[in-house]
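> Here is a sequence with its predicted model. Questions after.
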Amino acid sequence: MIKLPEEIVYMIQTVEDAGFEAYAVGGCVRDSVRGKQPGDWDLTSNAPDKVLESLFPDAAIVNKKLGVMRITRGTITADIAKYRIEGEYKDYRRPDTVMFTDSIEEDLQRRDFTMNAIAVSPLRGEKDPYHGRSDIQNRLIRGIGDPGLRFEEDALRILRGIRFAAQLDFEIENNTLKAMKEKVRLLANISTERIREELFKILSAGNSGKGLSLSVETDALTYILGEDCIKNAKDKEWEKLHLLAENIDNTECRLEFRVPLIYLCFEKNNALKAIEVMGYSNEMKKKLGLAIDLPDEFLNIQDKIELKRLLRRIGQNDYEYLLDLKKQQCIAFELDDITLKKQTALFESIINKEAVFIKDLTVKGSDLKKIGINEGTQIGQILEVLLDFVHKEPEKNKKDILLQKAECLQSSRNRSI
């Protein structure tokens with residue numbers, strides 16, 4: 001049996017001393033069996049709310065309906081929930097009714113996978129009715145009982161199973177995988193928010209390539225990219241997606257890179273439609289838009305002048321993001337990085353060395369006012385012309401030269417009026 005931290009033992013002992021049962025359960029037990037330090041602790045008990053509140057007066061109520069409280073002892077915090085049985089799942093996500101029980105076995109029966117249905121108590125020993133410990137040792141993800149019923153109860157469990165495979169580097173047991181494929185259409189009932197959350201966890205996992213491959217194999221990817229994207233995808237796009245699954249774990253583990261890499265597998269119009277499916281944040285949408293919209297212009301820069309104009313238009317931060325993304329793209333799709341290296345060198349040769357933005361000019365609006373240029377819009381227009389001038393001739397970014405140029409521009413404008 002696993003050894004529990006003394007703080008968890010204290011919590012369980014406190015409940016037992018009051019005449020009730022308590023166990024550590026779920027992911028914390030699974031991770032402990034694997035020899036890993038749990039990130040979170042979950043307990044379950046048959047003690048009534050009032051008893052738990054009296055035993056742990058400083059506890060916070062997390063979910064009154066489900067009887068979940070959060071208690072802290074030393075440096076460890078644990079959520080303690082009451083044993084429960086769940087009724088029918090009409091929306092394929094949450095039970096219509098919840099009933100509390102005195103049986104730990106009944107509580108374990110409602111859970112998703114065998115590896116998450118092990119309960120441990122320092123006083124009562126280990127409850128493992130579905131042989132979860134054996135499945136953990138064999139690195140298997142297996143649905144409890146009939147896995148198809150488990151996915152009908154909560155279709156999000158399909159993506160959770162894929163995510164666990166990616167995080168733990170486990171395999172999905174054959175019948176469970178078959179049930180995922182048969183019930184995947186039920187993901188249409190799950191909110192985009194929850195699907196997006198699981199997608200991010202899959203892409204952040206140590207074996208995200210496995211998760212991506214399973215998403216394709218089970219057709220869960222349809223509920224991430226949308227039916228239109230999947231139906232319209234050509235063989236070349238699927239080839240890129242399979243290549244990405246093979247190499248994504250070699251890329252930098254940052255969502256701002258890994259999410260766009262998925263959409264870069266697809267043609268532009270297909271990708272832009274797919275981006276709208278997941279309801280991304282404005283920040284992520286901006287990065288995805290940059291990734292999809294700019295690659296041709298970004299890659300076809302031939303000289304410093306073109307690069308400066310692009311930098312002026314999109315900004316230094318976005319340009320550096322595209323450089324970093326292109327590096328990850330070369331890794332993911334096994335591309336030649338010669339063009340990327342040349343462009344990086346070109347960028348490094350001008351940034352902070354030559355004028356790229358208005359702020360880099362040696363003259364400011366206040367300098368133009370001193371020579372008699374007072375109209376705000378006119379000052380802005382002249383500064384733009386001066387910037388284009390020094391883009392072409394960077395060595396002339398000198399105050400006397402630019403003021404002289406500004407005076408000439410002002411004179412020409414006055415003569416044309």
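Looks like it arrived, so ask away.
> Do a quick rundown of the strands in the chain.
Taking DSSP state E as the test, the strands found in the chain are 22-25, 41-45, 60-63, 68-73, 76-82, 84-86, 98-100, 119-121, 125-127, 140-141, 171-172.
> buried set for the third one?
Of the residues in strand 60-63, none is buried under the neighbour-count criterion (16 or more other Cβ atoms under 10 Å). Just so you know, the C-beta spots here come from the backbone N, C-alpha and C atoms, and that holds for glycine as well.
> what's the answer for the longest one, then?
For strand 76-82, burial by neighbour count (16+ other Cβ under 10 Å) applies to 76, 78, 79, 80, 81, 82.
> Name the nearest residue to the second one, sequence neighbours excluded.
Pointing back at residue 78 there. Leaving out its chain neighbours, the residue that sits closest to residue 78 by Cβ to Cβ, 6 or more residues apart in numbering is residue 41, at 3.8 Å.
> same thing with the first one?
The shortest distance from residue 76 to any non-neighbouring residue, by Cβ to Cβ, 6+ apart, is to residue 7 (4.1 Å).
> Next, find the distance separating that neighbour from residue 45.
With distances taken as Cβ to Cβ, to the nearest Å, residue 7 is found 16 Å from residue 45.
> okay, those two: which has more neighbours?
residue 45 (27 against 16; other Cβ atoms under 10 Å).
> Domain ranges for this protein, per the record?
Domain ranges of the chain: 6-134, 358-416, per automatic domain parsing.
> Low-confidence bits of this structure, can you list those?
87-97, 413-417 (pLDDT under 70).
> centroid residue for it?
residue 200 (2.6 Å; Cα atoms, centre = their mean).
> how close does the residue nearest to that one when sequence neighbours are not counted sit to residue 294?
Nearest-residue entry for residue 200: residue 255, 5.8 Å, with adjacent residues in sequence omitted and distances by Cβ to Cβ, 6+ apart. Distance from residue 255 to residue 294, counting by Cβ to Cβ: 19 Å.
> more crowded one of those two?
residue 294 (17 against 13).
> Help me confirm that that one comes into contact with residue 322.
Yes - contact criterion Cβ atoms under 8 Å: residue 294 and residue 322 qualify, at 6.4 Å.
> Next up, phi/psi of residue 111, please.
With angles defined as degrees, to the nearest 10, residue 111 sits at phi -80, psi 170.
> Measure how buried it is and give me the count.
Residue 111 has 21 neighbours, counted by other Cβ under 10 Å.
> Of the buried residues of strand 76-82, which is the nearest to residue 344?
When the buried residues of strand 76-82 are compared for distance to residue 344 (Cβ to Cβ), residue 76 wins out at 46.9 Å.
> Now for that closest one: which residues touch it?
Going by Cβ atoms under 8 Å, 6 or more residues apart in numbering, residue 76 touches 5, 7, 8, 41.
> Also residue 10?
Residues in contact with residue 10 (Cβ under 8 Å, 6+ apart) are residue 73.
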